[in-house]
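# Here's my sequence, what's the structure:
(one chain, ligands or ions: 1)
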Amino acid sequence: EKMILNGEIRNRSEIKVEIEDRGYQFGDGVYEVIRIYNGKLFTSEMHLARLIESAKKINITIPYTIEEIEVKLKELIAENAITFGTVYMQFTRGVSPRNHAFPSTDVAPVYVAYTKEVPYSGVLKPGAKAITVEDIRWLRCDIKSLNLLGNILAKQKAAEAGCFEAIQHRCGTVTEGSSSNVSIVVNGELKTHPATNLILNGITRQVMIKICKDLGISYKEDDFTLEELLAAEEVIMTSTTAEITPITEIDGQAIGNGESGTVTRQLQQAFHAEIE
Ligand code: PDD
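Okay, here's the model as predicted:
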């Protein structure tokens, strides 16, 4: 199996993590997950633009252009012969003796990317269950940071409750899932948290909004409460790995009639059409 280390394609067995890599010690870095459909990267320009933005926000300079990164990722996908899957990639601030403050600017970031096979059936995803949890994360959730403790603790609570996702809220205002964005449908209109510092501006969320525009589904980027969430006709989670998934039960309570709704199905179908 091949991986990318600092822009070069290498065998996985040759690659080692340094003890004093700042990603390993501090979670000091940024990452992306990009989907591969039919051997091709999906919405990679948007993911790579966000990666560079996230890095900039924490003063990491990525020493490659989007095009350079893309060319190598395509090579990696071909080498590993991935038809359906994901690419995981991360940049850390680099290797330096442990010290909270940044190392000198001559320390280069460490870039790693690898692929994973993920089956794709094209079948519309059925309803999933979720719980609600308090959002205990920091106030820069717009950065796709390697620091995921808050997200991990939320997801673990969902797993222990036999649920797929944990929907987070700050003082009763819904922010996002532990690894996804969350939207609701009320009176046929889609409502989703605006892209502020409190959420990650998901690429799938952005594709969903584009689909709403294309299909004339009315939508509003506005936050909503836990009460609105539980009373919604439809609840939708979006992410690179979950694509567009209906949430049909929250905290043991059915959403709508407990089945995937019409707006959700419309969005799912249009999303599948984007892929092909
Ligand atoms: N998670 N919000 C959070 C906190 C996320 O971690 C993710 C993605 C999203 C959705 O973003 P996108 O549509 O660009 O994938 C929203 C990825 C898939 C992960 O951590 O594995």
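# is the ligand contacted by the strand or helix carrying residue 268?
Per DSSP states H and E, residue 268 falls inside helix 262-275. No: looking at helix 262-275 against the ligand by C-beta under 6 Å from any ligand atom, there are no contacts, and the closest approach is 11.2 Å. Placement of C-beta: from N, CA and C, glycine included.
# Identify the residues contacting that helix?
With C-beta atoms under 8 Å, 6 or more residues apart in numbering as the test, helix 262-275 has contacts from 37-38, 42, 122, 124-125, 185, 188, 190, 207-208, 211-212, 214-215, 217, 233-234, 236, 243-244, 246, 260.
# So which of those residues belong to helices?
Taking DSSP state H, the ones among these that sit in helices are 207-208, 211-212, 214-215.
# Can you flag the buried ones in those?
Buried members of these, counted by 16 or more other C-beta atoms under 10 Å: 207-208, 211-212.
# now the ones in helices among the contacts of helix 262-275 in TSV, with pLDDT and distance to the ligand?
Shown next, in TSV, are the ones in helices among the contacts of helix 262-275 (pLDDT from 0 to 100; distance: C-beta to the nearest ligand atom, whole Å):
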residue	pLDDT	distance to the ligand
207	98	8
208	98	9
211	98	13
212	98	15
214	98	18
215	98	19
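# can you count the residues close to the residue nearest to residue 12 when sequence neighbours are not counted?
Using C-beta to C-beta, 6 or more residues apart in numbering and skipping residues adjacent in sequence, the residue nearest residue 12 is residue 1, 4.6 Å away. Applying other C-beta atoms under 10 Å, we find 10 residues neighbouring residue 1.
# From residue 17, how far off is residue 1?
Distance, residue 1 to residue 17, by C-beta to C-beta, to the nearest Å: 16 Å.
# re earlier: now, among the ones in helices among the contacts of helix 262-275, which is nearest to residue 131?
residue 208 (22.5 Å; C-beta to C-beta).
# Might you report the residue contacts of the closest one?
Contacts of residue 208 by C-beta under 8 Å, 6+ apart are 183, 190, 192, 236, 238, 244, 267, 271.
# Counting neighbours, what do you get for the last one?
Using other C-beta under 10 Å, residue 271 has 18 neighbouring residues.
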